[in-house]
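Participant: Test case, fold it:
(chains A and B)
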2 protein chains.
Amino acid sequence: MIVVKVGGGTTLDIDAIVADIVALRAKGTELVLVHGGAQTTNAVAEALGHPPQFVTSESGHVSRRTDRRTLEIFEMVYCGQLNKMWVEKLQRQGVNAVGLSGLDGRVFEGTRKDTLRIRVDGRRMVLRDDWTGTVERVNTRLLTLLTGAGYFPVLTPPGASSAGEAINVDGDRAAAMVAGALQAEALVILTDTPGLLRTFPDESTLIAGIPRAKADSFMQFAEGRMKKKVMGAVEAIGEGVGKVIFADGRVADPITRALAGAGTHIA
Amino acid sequence: MIVVKVGGGTTLDIDAIVADIVALRAKGTELVLVHGGAQTTNAVAEALGHPPQFVTSESGHVSRRTDRRTLEIFEMVYCGQLNKMWVEKLQRQGVNAVGLSGLDGRVFEGTRKDTLRIRVDGRRMVLRDDWTGTVERVNTRLLTLLTGAGYFPVLTPPGASSAGEAINVDGDRAAAMVAGALQAEALVILTDTPGLLRTFPDESTLIAGIPRAKADSFMQFAEGRMKKKVMGAVEAIGEGVGKVIFADGRVADPITRALAGAGTHIA
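Facilitator: Below is the predicted model:
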C-alpha cells in the first residue's frame, strides 16, 4: 500500500499524477490518495467576501482561523470543487474512485480544539467559534471495505471530532495517520519542489536521504508550509510507515519516480 | 428500504428531518437519503460572479445551462457545502453517514447530453460545453456494501457519464432511480408544500391519493419545479417502488408522518 498526498499548490501537474496512479494500479500497486486545497480555498474565500484570517497562538505559532463560515467555504473547495475534480479525472481514466472527506464514516477522527488562545498586539485572548482539530484515529475499516471491493479512495479534510463535528485538520498530518493506520510501505508527499531543500528555494540543495532516526532534526530545514509536512513525515515514521518521500509533483510519472529514488527519502 | 429525497428549499426543517432519520433507524428502518441544492447553488453562483443562465430547448422546455464553471460551482454547493452539512448533522446525532456524489463509484451513471439544441429569439442554436445528463443506472453494489456495513449513504448529484465525466442530473429523478434499483418500499419526497396540490399554492387542495395506474395523468397539477418531481414519481412507480409520497418537509417527524399517511400517496 502506497499513500500519496498531493498539496493544493497550483503548479502541480494533476493530469500527470492521475496518469501515474492509473499506471501503478495497472501494475497491481495498491494506492490511496489524500489531497489538500488551501490555496484554492483562500481564493474562493476572498471571492465570497470572507477572506482568510490568520492568528498567532500564545506559543507564537501562526495558523488559519477557522470560524463556521470559513469551515463551510473550506468544505466547498476541498470536498466539492477539488475532491470531485480528482474523482472525475480518475473516473475518466477508468479508475473507480470514491471521494470521501474525513467526516464521511469518520475516516479522520480526532479532537476539536474549540478554544484557541491567541495573542493580538501582545495581549492574550481566547477565541471561540473555532473549528480545528487533530486527527487521532483513521477508520481503516471503511477504507479497506472500499479498496477490497475495487474502489480507489480519494480522501480530503475536514475530519470529524469525537462528537461528530466537522474539524479543519491538516492534510499532511492526516495523510501520515492514514499511512500509519494502513501500515503503508511508503507515504509519497508531492509538492511544488523537488523535495526537502537544505537552502530553500535553491533546488540544487536537495537533501536526498534522511535516516529515520534523525528525521526530527531535519525540521530546521523546513520552511513555511513545509513544516507541517515534515511533522507529518516524522509522525508517519513513528507509526511504522516504511518510508516517507518528499517528491516533485510538477513532473511526469511523479509517484513512480519518487518510489524509484527521486526526492527526499526518509527511511 | 425507504429512500428519502430532500429538495434544496430553504424553508425545510433540516434538523427535524435528521431527528426523524435517527428515530426511524433506531426502530430498524433502513434508509438512504438523496438531497439537492439548486436554490443555494443559484445564490453562490451569483456571489462568485457567474449567475445562473437558463435556456429554452427547441421543444420549449426551460432548463439550467450547465457550462463547466457552473458544474464546478454546482459541485462546490451540492458535494461540499450541503452534502457535508447533512453528513455532519447526522454524525452529531450518532448516525455514521457517508456522503457520496453520483460521480463517486459511479453511483448515478447515465448519458451526457453534450450538445443542447436551443431557441434564442426564435432562432435555433446548438449549444456545446454543456454538462447535463440523465441517470440510467444506479450502482447498488456500492450502496449495499455501505449499508451492509452499517453506514448511512447521503447521496447527491452530479452523476457520472459512461465516460466518467461529471454530469448535472436531476436529483428527484436520481432519487427515483435509486428507489427503483433498491426496490424500496417507499420513496418519500420532502418539499416545502404539504404534497401535490390541485390548485397551487392553495394548501387546502392537497391531493391525498393517486392510484399508481393514473400517476401519469396527474402531471397536469404539477407546477414549476414540481414537474420533475412528479416525473420522478412516475418513473419510480414504473421501476417497481412500493409507493411514492410527496410530503411536507417543514414539520416535525416529516418522514414518519408521510409513512403514516400524510401528504400525497401514489400507490
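
Participant: how many neighbours does the residue in the stretch 51-200 of chain A that chain B sits nearest to have?
Facilitator: Residue nearest to chain B within the stretch 51-200 of chain A (Cβ to the nearest Cβ): residue A:80, separated by 2.6 Å. For the C-beta atoms, the positions are set from N, CA and C on the backbone; glycine is no exception. Neighbours of residue A:80 under the rule other Cβ atoms under 10 Å in any protein chain shown: 30.

Participant: these two touch, right, it and residue B:76?
Facilitator: Yes - Residue A:80 lies in contact with residue B:76 (Cβ atoms under 8 Å); the separation is 3.8 Å.

Participant: residues shared between the contacts of the two?
Facilitator: Common neighbours of residue A:80 and residue B:76 are not found (criterion: Cβ atoms under 8 Å, 6 or more residues apart in numbering or on different chains).

Participant: quick one: pLDDT of the residue of the stretch 51-200 of chain A closest to chain B?
Facilitator: Model confidence at residue A:80, given as pLDDT, is 98.

Participant: residues contacting the closest residue to it other than its chain neighbours?
Facilitator: Counting by Cβ to Cβ, 6 or more residues apart in numbering or on different chains, residue B:80 is the residue found nearest to residue A:80 once chain neighbours are left out, at 2.6 Å. By Cβ under 8 Å, 6+ apart, the contact set of residue B:80 is A:75, A:76, A:77, A:78, A:79, A:80, A:81, A:83.

Participant: For these, give me TSV that also has secondary structure and distance to residue A:20.
Facilitator: Output for the contacts of residue B:80, formatted as TSV (DSSP: H, G, I helix; E, B strand; the rest coil; distance: Cβ to Cβ, whole Å):
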residue	secondary structure	distance to residue A:20
A:75	helix	28
A:76	helix	28
A:77	helix	24
A:78	helix	22
A:79	helix	24
A:80	helix	25
A:81	helix	22
A:83	helix	19
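
Participant: So which bits of the helix-or-strand element of chain A with minimal mean pLDDT are buried?
Facilitator: Least confident helix or strand of chain A, by mean pLDDT, DSSP states H and E, is strand A:62-64 with a mean of 80. Under the neighbour-count criterion of 16 or more other Cβ atoms under 10 Å in any protein chain shown, strand A:62-64 has A:63, A:64 buried.

Participant: Tell me how far that strand lies from the chain's centre.
Facilitator: Relative to the chain's own centre, strand A:62-64 is displaced by 16 Å; criterion: Cα atoms, centre = their mean, to the nearest Å.

Participant: Same check on stretch A:112-122?
Facilitator: Between the centre of stretch A:112-122 and the centre of its chain there are 24 Å (Cα atoms, centre = their mean).

Participant: do stretch A:219-229 as well
Facilitator: Relative to its parent chain, stretch A:219-229 has a centroid offset of 14 Å by Cα atoms, centre = their mean.

Participant: Let me know the average pLDDT across that stretch.
Facilitator: pLDDT averaged over stretch A:219-229 gives 75.

Participant: what's that stretch in contact with?
Facilitator: Stretch A:219-229 is contacted from outside by A:7, A:38, A:170, A:172-173, A:189, A:191, A:193, A:196-198, A:200, A:207, A:230-231, A:234, A:246, using Cβ under 8 Å, 6+ apart.

Participant: for residue A:129, helix, strand, or coil?
Facilitator: Following DSSP: H, G, I helix; E, B strand; the rest coil, we place residue A:129 in the coil state.

Participant: and it, what is it in contact with?
Facilitator: Applying Cβ under 8 Å, 6+ apart to residue A:129 gives the contacts A:67, A:68.

Participant: Now do the same for it: its pLDDT.
Facilitator: Per-residue pLDDT puts residue A:129 at 87.

Participant: how near is it to residue A:52?
Facilitator: Per Cβ to Cβ, to the nearest Å, residue A:129 is found 16 Å from residue A:52.

Participant: Residue A:105 now?
Facilitator: Going from residue A:105 to residue A:52 by Cβ to Cβ gives 29 Å.

Participant: the more surrounded of those two?
Facilitator: More neighbours surround residue A:105 than the other of residue A:105 and residue A:52, with 27 against 16 (other Cβ under 10 Å).

Participant: what does the stretch 51-200 of chain A put close to chain B?
Facilitator: Residues of the stretch 51-200 of chain A lying close to chain B by Cβ under 8 Å from any Cβ of the partner chain are A:72, A:75-81, A:83-85, A:87-88, A:90-94, A:96-101, A:103-106, A:141-142, A:145-146, A:149, A:151, A:158, A:160, A:163-166.

Participant: again, only using 6 Å
Facilitator: Listed as neighbours of chain B in the stretch 51-200 of chain A under the rule Cβ under 6 Å from any Cβ of the partner chain: A:72, A:75-76, A:79-81, A:84, A:87-88, A:91-92, A:96, A:98-99, A:103-105, A:145, A:149, A:151, A:160, A:164, A:166.

Participant: Can you flag the buried ones in those residues?
Facilitator: Buried by 16+ other Cβ under 10 Å: A:72, A:75-76, A:79-81, A:84, A:87-88, A:91-92, A:96, A:98-99, A:103-105, A:145, A:151, A:160, A:164, A:166, out of these.

Participant: Mind checking which of those residues are in helices?
Facilitator: Among these, the members falling in helices (DSSP state H) are A:72, A:75, A:84, A:87, A:88, A:91, A:92, A:145.

Participant: mind putting the residues you listed in a markdown table, pLDDT included?
Facilitator: Formatted as a markdown table, those follow (pLDDT from 0 to 100):
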| residue | pLDDT |
| --- | --- |
| A:72 | 97 |
| A:75 | 98 |
| A:84 | 98 |
| A:87 | 98 |
| A:88 | 98 |
| A:91 | 98 |
| A:92 | 98 |
| A:145 | 98 |
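
Participant: tell me which of those is nearest to residue B:12?
Facilitator: Nearest to residue B:12 out of those is residue A:72 (Cβ to Cβ; 18.0 Å).

Participant: Please tell me how far the closest one sits from residue A:48.
Facilitator: Computed as Cβ to Cβ, the residue A:72 to residue A:48 distance reads 9 Å.

Participant: ranges for the helices of chain A?
Facilitator: Here chain A has its helices, by DSSP H, at A:14-26, A:38-47, A:68-75, A:83-92, A:140-148, A:171-181, A:226-238, A:254-259.

Participant: Buried deepest among the ones you listed, which one?
Facilitator: Mean neighbour count (mean count of other Cβ atoms under 10 Å in any protein chain shown) peaks for helix A:171-181 among those, with a mean of 28.

Participant: With just CA atoms, put that one into PDB.
Facilitator: The C-alpha trace of helix A:171-181 is given here as PDB (Å, rounded to 0.1, in the frame of the first residue of the first chain):
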ATOM      1  CA  GLY A 171      -4.000  17.300   5.300                       C
ATOM      2  CA  ASP A 172      -0.300  16.300   5.600                       C
ATOM      3  CA  ARG A 173      -0.700  15.000   9.100                       C
ATOM      4  CA  ALA A 174      -4.000  13.300   8.200                       C
ATOM      5  CA  ALA A 175      -2.100  11.500   5.300                       C
ATOM      6  CA  ALA A 176       0.600  10.500   7.700                       C
ATOM      7  CA  MET A 177      -2.100   9.000  10.000                       C
ATOM      8  CA  VAL A 178      -3.600   7.100   7.100                       C
ATOM      9  CA  ALA A 179      -0.200   5.800   6.000                       C
ATOM     10  CA  GLY A 180       0.400   4.700   9.600                       C
ATOM     11  CA  ALA A 181      -3.000   3.100  10.100                       C
END
